[in-house]
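Peer 1: okay, predicted coordinates and the sequence, questions at the end:
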Amino acid sequence: MFFKKKNTPVTYNEKYLKDEINMTKDALNAAYSNFDNATDPDLIDCYIYQVNSEQKRYKYLLERARECETL
């Protein structure tokens with residue numbers, strides 16, 4: 001997926017990063033779903049912040065994964 005096939009075994013850090021990316025994707029999907037179903041203005045604001053937060057985390061994790069590929 002994000003890591004190239006290597007002859008060496010996957011390190012703990014690579015596995016941890018991959019798991020974090022998958023969990024963040026799930027959290028982002030949940031935040032989008034909650035936003036789509038919210039009707040209360042306060043909840044809409046809350047989910048906007050949550051979506052933005054998860055997007056930034058996802059972007060950060062993807063950048064870290066790309067860095068690991070170059071090592």
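Peer 2: Received, thanks.
Peer 1: what is the mean pLDDT for the longest helix along the chain?
Peer 2: Longest helix of the chain, by residue count under DSSP state H: helix 41-70. For helix 41-70, the mean per-residue pLDDT is 93.
Peer 1: was I right about residue 55 contacting residue 25?
Peer 2: No. Between residue 55 and residue 25 there is no contact under Cβ atoms under 8 Å: 10.8 Å. Using the backbone N, CA and C atoms, a C-beta is placed for each residue, glycine as well.
Peer 1: what's the spacing between the longest helix of the chain and its chain's center?
Peer 2: Distance, stretch centre to chain centre, for helix 41-70: 6 Å (Cα atoms, centre = their mean, to the nearest Å).
Peer 1: what helices or strands is it leaning on?
Peer 2: Applying 3 or more Cβ pairs under 8 Å, 6 or more residues apart in numbering; DSSP states H and E, we find helix 41-70 packed against helix 12-37.
Peer 1: check which residues of the helix it packs on are buried.
Peer 2: By 16 or more other Cβ atoms under 10 Å, the buried positions in helix 12-37 come out as 14, 17, 18, 20, 21, 24, 27, 28, 31, 35.
Peer 1: what sits against the nearest residue to the fourth one once chain neighbours are set aside?
Peer 2: Excluding the flanking residues, the one nearest residue 20 by Cβ to Cβ, 6 or more residues apart in numbering is residue 61, at 5.6 Å. Shown in contact with residue 61 (Cβ atoms under 8 Å, 6 or more residues apart in numbering): 17, 20, 21, 24.
Peer 1: tabulate these (CSV), appending distance to residue 43.
Peer 2: Below are the contacts of residue 61 laid out as CSV (distance: Cβ to Cβ, whole Å):
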residue, distance to residue 43
17, 32
20, 26
21, 27
24, 21
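Peer 1: ok, those residues vs residue 46, which is closest?
Peer 2: Of all the contacts of residue 61, residue 24 has the smallest distance to residue 46: 18.1 Å, by Cβ to Cβ.
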